[in-house]
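Engineer: no FASTA, just this:
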């Protein structure tokens, strides 16, 4: 589309809040009611990462053809690698900072966080060895490569069907191992990201254009599949796995209901392109990728500060309702401030390399520029 989709950016802003919720886990363990609240928030938010994948596939499809796909795929891989490198560097920097504050060996802490916990496949495929949230970047990188392969050979019409079959295998193996279990981690590019990127790609490539007149139907679909997802999550966790409701949490990552839920959310966004226009949501959505990159290390800093205050004030802040209410907005706001500070300090370039200070060095040398925007954001 030639016009800006304010709705996509607005929903990115909402989705990143649920990503923060998933990692900060507000109310979890604060009594049975608190754990129930987190269960509902976490289940509702299962659309978050899939939405980012779908949006990436959608905009990727608008920029590629069999003639240009190789060049743009290479550009996207370079961009995602720089984001991944920055995520690792920032996570290790925070690890070193916390070790210094606690009087521990910085070298030992950094080595333990990087080399000590990494394997080749975890570092270069799953992407979760140093900081668990960075799996998304590797998932997106490989997913775009999978889709690009279909485009390059002129078989893009088959990409969604193939991805759907693989995704179904992943869902059943992860959530219904009593049916069959392939014994592999399925929250990855092949079993998870590939399907959602292919879905976004297919929506754009098939010229699917939801009508604004049908937005109530899309809202109805969202409500129906959201409710179904809560029921399915409940059955998987508390019946199939025998957990106690209100006391334990089972992370499914995705369910059968997630795909249609995400489809209706994205269709609603396309049907209401000016959703959020005139508010701060679209602006926040453009920085969702930045918040994503730094939020988990920032949370670790907040946790360290909270633990340090406990002996001083005589009680654990995390045990209070006020702390649980504020922790997500505080981490979100701090993450946004940190990321924007790095951008304005020219440590990173949001439109170029995220490897620290590369942008500053390049600004002193004539540049030919780059084409397109990163699909991850």
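Structural biologist: Yes, it's here. Please read all numbers here as calculations on a predicted model, not as lab measurements.
Engineer: okay, and the spatially most central residue of the chain sits in which element?
Structural biologist: Nearest to the geometric centre of the chain sits residue 49, at 4.0 Å (C-alpha atoms, centre = their mean). Here residue 49 sits within helix 48-61, counting by DSSP states H and E.
Engineer: mean confidence (pLDDT) on that helix, please.
Structural biologist: What helix 48-61 shows for mean pLDDT is 98.
Engineer: which other helices and strands contact that helix?
Structural biologist: helix 6-24, helix 135-152, helix 194-205, helix 258-271 (3 or more C-beta pairs under 8 Å, 6 or more residues apart in numbering; DSSP states H and E). (Each C-beta comes from the backbone N, C-alpha and C, glycine too.)
Engineer: tilt between it and helix 258-271?
Structural biologist: Interaxial angle of helix 48-61 relative to helix 258-271 (axes from the mean of the first three to the mean of the last three C-alpha atoms, to 10 degrees): 50 degrees.
Engineer: let me know how buried residue 34 is, in neighbour terms.
Structural biologist: 16 (other C-beta atoms under 10 Å).
Engineer: brain fart, residue 89
Structural biologist: 15.
Engineer: nearest spatial neighbour of it, chain-adjacent residues omitted?
Structural biologist: Excluding its sequence neighbours, the residue lying closest to residue 89 (C-beta to C-beta, 6 or more residues apart in numbering) is residue 356, at 6.4 Å.
Engineer: state the mean pLDDT of the very next helix or strand once past the helix holding residue 49.
Structural biologist: Note on helix 48-61: by DSSP H and E, the next helix or strand toward the C-terminus is helix 69-101. For helix 69-101, mean pLDDT rounds to 96.
Engineer: likewise stretch 121-134?
Structural biologist: On average, stretch 121-134 scores 94.
Engineer: start to end distance for it?
Structural biologist: Chord length of stretch 121-134, first to last residue, is 14 Å (C-alpha to C-alpha, to the nearest Å).
Engineer: list the buried residues of it.
Structural biologist: 122, 123, 125, 126, 127, 128, 129, 130, 131, 133, 134 (16 or more other C-beta atoms under 10 Å).
Engineer: roughly how far apart are the first one and residue 135?
Structural biologist: When distance is defined by C-beta to C-beta, to the nearest Å, residue 122 is 9 Å away from residue 135.
Engineer: shared neighbours of the two, anything?
Structural biologist: Counting by C-beta atoms under 8 Å, 6 or more residues apart in numbering, the residues touching both residue 122 and residue 135 are residue 128.
Engineer: phi and psi next, for the residue lying farthest from the centre of the chain.
Structural biologist: Relative to the centre of the chain, and counting by C-alpha atoms, centre = their mean, the farthest-placed residue is residue 314 at 36.5 Å. When read as degrees, to the nearest 10, the backbone of residue 314 gives phi 90, psi 0.
Engineer: quick one: contacts for it?
Structural biologist: Counted by C-beta under 8 Å, 6+ apart, residue 314 has zero contacts.
Engineer: so for stretch 247-262, what's the average pLDDT?
Structural biologist: 90.
Engineer: oh, that last question was meant for stretch 172-180, not what I typed.
Structural biologist: 90.
Engineer: now that stretch: buried residues?
Structural biologist: Within stretch 172-180, the residues that count as buried by 16+ other C-beta under 10 Å are 172, 173, 174, 175.
Engineer: quick one, helices of the stretch 251-377 of the chain?
Structural biologist: 258-271, 281-286, 288-313, 321-344, 358-362 (DSSP state H, counting those that start in this stretch).
Engineer: turn those into a markdown table, including mean neighbour count.
Structural biologist: A markdown table is the format used below for those (neighbours: other C-beta atoms under 10 Å):
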| stretch | mean neighbour count |
| --- | --- |
| helix 258-271 | 22 |
| helix 281-286 | 19 |
| helix 288-313 | 18 |
| helix 321-344 | 17 |
| helix 358-362 | 14 |
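Engineer: columns distance to residue 194 on top of those, output as JSON lines?
Structural biologist: Formatted as JSON lines, the helices of the stretch 251-377 of the chain follow (distance: least, C-beta to C-beta, whole Å):
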{"stretch": "helix 258-271", "distance to residue 194": "12"}
{"stretch": "helix 281-286", "distance to residue 194": "24"}
{"stretch": "helix 288-313", "distance to residue 194": "20"}
{"stretch": "helix 321-344", "distance to residue 194": "28"}
{"stretch": "helix 358-362", "distance to residue 194": "30"}
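Engineer: quick one: closest of those to residue 152.
Structural biologist: Closest to residue 152 of those is helix 258-271 (C-beta to C-beta; 25.2 Å).
Engineer: elements contacting the closest one?
Structural biologist: Counting contacts by 3+ C-beta pairs under 8 Å, 6+ apart, helix 258-271 packs against helix 6-24, helix 48-61, helix 194-205, helix 215-235.
Engineer: next, the angle helix 258-271 makes with the longest one.
Structural biologist: Helix 215-235 and helix 258-271 are oriented at 160 degrees to each other (the same axes, to 10 degrees).
Engineer: can you check the shortest one too?
Structural biologist: On the basis of the same axes, to 10 degrees, helix 194-205 is oriented at 30 degrees to helix 258-271.
Engineer: what helices or strands is helix 194-205 leaning on?
Structural biologist: Packed next to helix 194-205, using 3+ C-beta pairs under 8 Å, 6+ apart, are helix 48-61, helix 135-152, helix 159-175, helix 258-271.
Engineer: what about the stretch 101-250 of the chain, any weak spots by pLDDT?
Structural biologist: 116-117 (pLDDT under 70).
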